[in-house]
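Visitor: need a 3D model of the following:
(chains A and B)
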Number of protein chains: 2
Amino acid sequence: MYELYYWSEIQGRGEFIRLALEEIAIPYRDRAREPGGEAAMMKMLSGRGLSQPPFAPPFLRAGKLLIAQTANILDFLGERHGLSPPSEAGRLFARQLQLTVTDFLVEVHDTHHPIGVQLYYEDQKREAKRRTGEFLKARVPKFLGYFERLLARRPRSAYSLGPRLSHVDLSLFQLMAGMGYAFPNYMRKAARHYPKLLALKERVAARPKIAAYLTSGRRIAFNESGIFRHYAELDR
Amino acid sequence: MYELYYWSEIQGRGEFIRLALEEIAIPYRDRAREPGGEAAMMKMLSGRGLSQPPFAPPFLRAGKLLIAQTANILDFLGERHGLSPPSEAGRLFARQLQLTVTDFLVEVHDTHHPIGVQLYYEDQKREAKRRTGEFLKARVPKFLGYFERLLARRPRSAYSLGPRLSHVDLSLFQLMAGMGYAFPNYMRKAARHYPKLLALKERVAARPKIAAYLTSGRRIAFNESGIFRHYAELDR
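Guide: Residues are numbered from 1 along each chain as shown, chains lettered A, B, ... in the order given. Next comes the predicted model:
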């Protein structure tokens, strides 16, 4: 039985793990959403009694293992449950792509927190506006363009690494869903540049286990405490 | 023969790979520092003719494999050449720590580029000053404090994961060297909080192959084009 530790009120980075756990359809405990769960998580973050303490959530307990860092957890789950390619080259590439998703997420987060994560958005609104402008102009096309070209290389494959779903596809789904939530105006205009990414998003959303999850109470809605936030003033 | 592709004028993320290659003492080509090397790198970044195109440098050619993302490359080299722990738990933890170093590096970079990587520092100086203030006040203690406590848990071990050097130690060396370069005043005052990290840095620097490398022409000096930059106005 896997136990996921993450903040209880947001999708955030934990959502990338939740999507993988839902797809592999193994029962898991979403610990922070149980009574006393966040307190348990905070205790583990203090590191007391742990030989391999995590720096930050999300982290996953898998038997005796305690694993942190989203890309690391996904690689672990992917290998165990068929969400990673079987070859060394394929697995290295899946990891590389997942780490590129990680890089993009940091930049998404920093659109609303360009000065400091410990400050309120309201205290860095001016900088947020400037950073978001640069992000939408230069960074989104760079990242999404890369993934779009990747999909275009495999026109006959349903997924980014071939005919089989991988953790990378689940993460690209979440990334496109989040961008659509945070920047609906921008993404509407940009949609013509990313037809394959948008089709992939729909394909993942239509998978039976993912579809069931998305309409369940286990899926927390996007909100303005997470990574993908909608602030009208940032979505020109 | 490994081939490293990275920018020719900076340490940057490539330096974390160089340190590992130097320590394992296998001949490698630092392609971007050869004539025509950056052009070759740019061609590869276009993705033409590559089945697994990288998003950004550094990347490593290892026979038929082309591997990108610093933490991914270090994990690969670590496993092949004894710089990763042999157990699954140990290797997952080494990866997790290396990804935490990655996270910290993004924040170091953003002290001088809080608005956009494609803009000059001079065009985001005001924001850089504010972001750096928050970084030094809240983020450096959080990250370095975590690594310091980790070292304190193993008082009889020479290295962060035990008696044997790992890629994590090489990266912590580089991180402490970089912080000392970028923020000498701050780090002088903060030194008393990080005795074990500073001792680890000296221990790594004294290893014969690393010591030889650091005084060689292969080590590019820190400068104001890299990740760790010294701007007096940011080092309060």
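Visitor: hey, let's count contacts and neighbours off CA atoms from now on
Guide: Will do.
Visitor: going by residue numbers, what spans are strands in chain A?
Guide: Counting by DSSP state E, the segments of chain A that form strands are A:2-5, A:28-30, A:59-62, A:65-68.
Visitor: can you tell me the average pLDDT over the shortest one?
Guide: Along strand A:28-30, the predicted confidence averages to a pLDDT of 96.
Visitor: that strand packs against which elements?
Guide: Packed against strand A:28-30 by the contact rule (3 or more CA pairs under 8 Å, 6 or more residues apart in numbering or on different chains; DSSP states H and E) you find strand A:2-5.
Visitor: residues from chain A in reach of chain B?
Guide: The interface of chain A toward chain B, taken as CA under 8 Å from any CA of the partner chain, is made up of A:52, A:55, A:65, A:67-69, A:72, A:89, A:92-93, A:95-96, A:99-100, A:114-116, A:118, A:127, A:130-131, A:134-135, A:138, A:146.
Visitor: which of those fall within helices?
Guide: A:72, A:89, A:92-93, A:95-96, A:99-100, A:127, A:130-131, A:134, A:146 (DSSP state H).
Visitor: just flag the most distant two among the residues you listed.
Guide: The most widely separated members of those, counting by CA to CA, are A:89 and A:127 (40.9 Å).
Visitor: wait, residue A:98 sits on residue A:71?
Guide: Yes - in this structure, residue A:98 sits in contact with residue A:71. The criterion is CA atoms under 8 Å, and the distance is 5.9 Å.
Visitor: more neighbours: which of these two?
Guide: Neighbour tally, residue A:98 and residue A:71, criterion other CA atoms under 10 Å in any protein chain shown: the higher count belongs to residue A:71, 27 against 23.
Visitor: quick one: the helices in chain A?
Guide: Assignment of helices within chain A using DSSP H yields the ranges A:14-24, A:37-45, A:70-81, A:88-112, A:125-134, A:140-152, A:167-182, A:184-190, A:195-205, A:208-214.
Visitor: the ones you listed: lowest mean pLDDT?
Guide: Taking mean pLDDT as the measure, helix A:37-45 is lowest among the helices of chain A, coming in at a mean of 93.
Visitor: just to revisit the earlier point, distance to residue A:180 added to the strands of chain A, as CSV?
Guide: Output for those, formatted as CSV (distance: least, CA to CA, whole Å):
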stretch, distance to residue A:180
strand A:2-5, 26
strand A:28-30, 26
strand A:59-62, 27
strand A:65-68, 27
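Visitor: a markdown table please, covering these and showing mean neighbour count.
Guide: Converted to a markdown table, those look like this (neighbours: other CA atoms under 10 Å in any protein chain shown):
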| stretch | mean neighbour count |
| --- | --- |
| strand A:2-5 | 20 |
| strand A:28-30 | 17 |
| strand A:59-62 | 21 |
| strand A:65-68 | 22 |
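Visitor: and the ones you listed: which comes nearest residue A:215?
Guide: Among the strands of chain A, strand A:28-30 sits nearest to residue A:215 (CA to CA), with 16.9 Å.
Visitor: and the contacts of that closest one?
Guide: Counting by CA atoms under 8 Å, 6 or more residues apart in numbering or on different chains, strand A:28-30 makes contact with A:1, A:2, A:3, A:4, A:5, A:6, A:21, all of which sit outside it.
Visitor: again, but for stretch A:109-129
Guide: By CA under 8 Å, 6+ apart, the list of residues contacting stretch A:109-129 from outside reads A:131-132, A:135, A:227-229, A:233-234, B:114-115, B:127, B:130-131, B:134-135, B:138.
Visitor: just give me the closest of those residues to residue B:181.
Guide: Nearest to residue B:181 among these is residue B:135, at 15.8 Å by CA to CA.
Visitor: could you measure from the closest one over to residue B:180?
Guide: Separation of residue B:135 from residue B:180 (CA to CA, to the nearest Å) stands at 15 Å.
Visitor: repeat that for residue A:3.
Guide: Counting by CA to CA, the gap from residue A:3 to residue B:180 is 39 Å.
Visitor: residues contacting residue A:186?
Guide: The contact partners of residue A:186, taken as CA under 8 Å, 6+ apart, are A:136, A:235, A:236.
Visitor: quick one: residues contacting residue A:170.
Guide: The neighbourhood of residue A:170, defined by CA under 8 Å, 6+ apart, consists of A:16, A:19, A:20, A:204.
Visitor: just those residues now: which is nearest chain B?
Guide: residue A:16 (16.4 Å; CA to the nearest CA).
Visitor: count residues in the vicinity of the closest one, would you?
Guide: Residues near residue A:16, counting by other CA under 10 Å: 23.
Visitor: filter the contacts of residue A:186 to the buried ones?
Guide: Burial of the contacts of residue A:186 was assessed by neighbour count (16 or more other CA atoms under 10 Å in any protein chain shown); the buried members are A:136, A:235.
Visitor: how about CSV for the contacts of residue A:186, with pLDDT and distance to residue A:164 added?
Guide: Converted to CSV, the contacts of residue A:186 look like this (pLDDT from 0 to 100; distance: CA to CA, whole Å):
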residue, pLDDT, distance to residue A:164
A:136, 98, 31
A:235, 97, 35
A:236, 79, 37
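Visitor: turn the contacts of residue A:186 into a markdown table, including distance to residue A:185.
Guide: Supplementary listing: the contacts of residue A:186 in a markdown table, determined by distance: CA to CA, whole Å:
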| residue | distance to residue A:185 |
| --- | --- |
| A:136 | 11 |
| A:235 | 6 |
| A:236 | 7 |
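Visitor: ok, so of the contacts of residue A:186, who is nearest chain B?
Guide: Within the contacts of residue A:186, proximity to chain B (CA to the nearest CA) peaks at residue A:136, which comes in at 10.6 Å.
Visitor: how close does the closest one get to residue A:182?
Guide: Separation of residue A:136 from residue A:182 (CA to CA) stands at 11 Å.
Visitor: I am finished for the moment; much appreciated.
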